[in-house]
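>>> Return atomic coordinates for the entry below.
(one chain, ligands or ions: 1)
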Amino acid sequence: MSYPSPSYLEQVAAKVSKWCLRNFGIRNTKVTISIQNLETYYGDCGPEKDGSYTVVIAQNQNLRSFVQTLVHEHIHVKQFVGDCWEGSGEKEASLLEGPLADQIWKENIL
Ligand SMILES: [Zn+2]
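Model prediction:
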């Protein structure tokens with residue numbers, strides 16, 4: 001099975017990140033995306049000391065899954081920024097990741 005090339009994924013990640021920040025109303029917040037070969041999970045995100053956020057995302061997944069995982073992690077960024085969590089925040093992220101990824105395809109932003 002072949003996955004999209006790392007350079008292509010970098011472009012996709014930049015576009016999806018920009019789209020999420022705009023659609024979630026997140027301003028003046030820097031998000032750094034780190035595309036890596038992950039073995040046991042697809043993505044993660046966390047705050048940095050300087051107020052920015054780092055999203056780690058697995059390159060070894062298909063394009064749809066890559067975009068959906070990025071959306072999922074940006075929902076967590078939104079939860080961090082707004083300090084708005086319901087429980088672990090996983091329910092909201094899991095509910096919204098699919099429909100928002102659909103919207104990205106519909107808007108043809110990739
Ligand atoms: Zn999550």
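>>> where are the low-confidence patches of this structure?
Applying pLDDT under 70 to the chain picks out residues 1.
>>> near the ion, which residues of it show up?
By Cβ under 5 Å from the ion, the residues of the chain that approach the ion are 90, 93. (Each C-beta comes from the backbone N, C-alpha and C, glycine too.)
>>> center of this structure, which residue is that?
Leu70 (2.1 Å; Cα atoms, centre = their mean).
>>> In the protein, where's the longest helix?
The residue-count maximum for a helix in the chain (DSSP state H) belongs to helix 63-82.
>>> which parts of it are buried?
65-81 (16 or more other Cβ atoms under 10 Å).
>>> again with stretch 91-110
Quick answer for stretch 91-110 (16+ other Cβ under 10 Å): 92-93, 96-97, 100-101, 104.
>>> Next: stretch 26-46.
Using 16+ other Cβ under 10 Å as the test for burial, stretch 26-46 gives 26, 31, 33, 35, 42-45.
>>> thinking again about what came up before, any idea which of the buried residues of stretch 91-110 is closest to Ser7?
Ile104 (19.5 Å; Cβ to Cβ).
>>> ok, now which ones touch that closest one?
By Cβ atoms under 8 Å, 6 or more residues apart in numbering, the residues touching Ile104 are 16, 19, 67, 71, 110.
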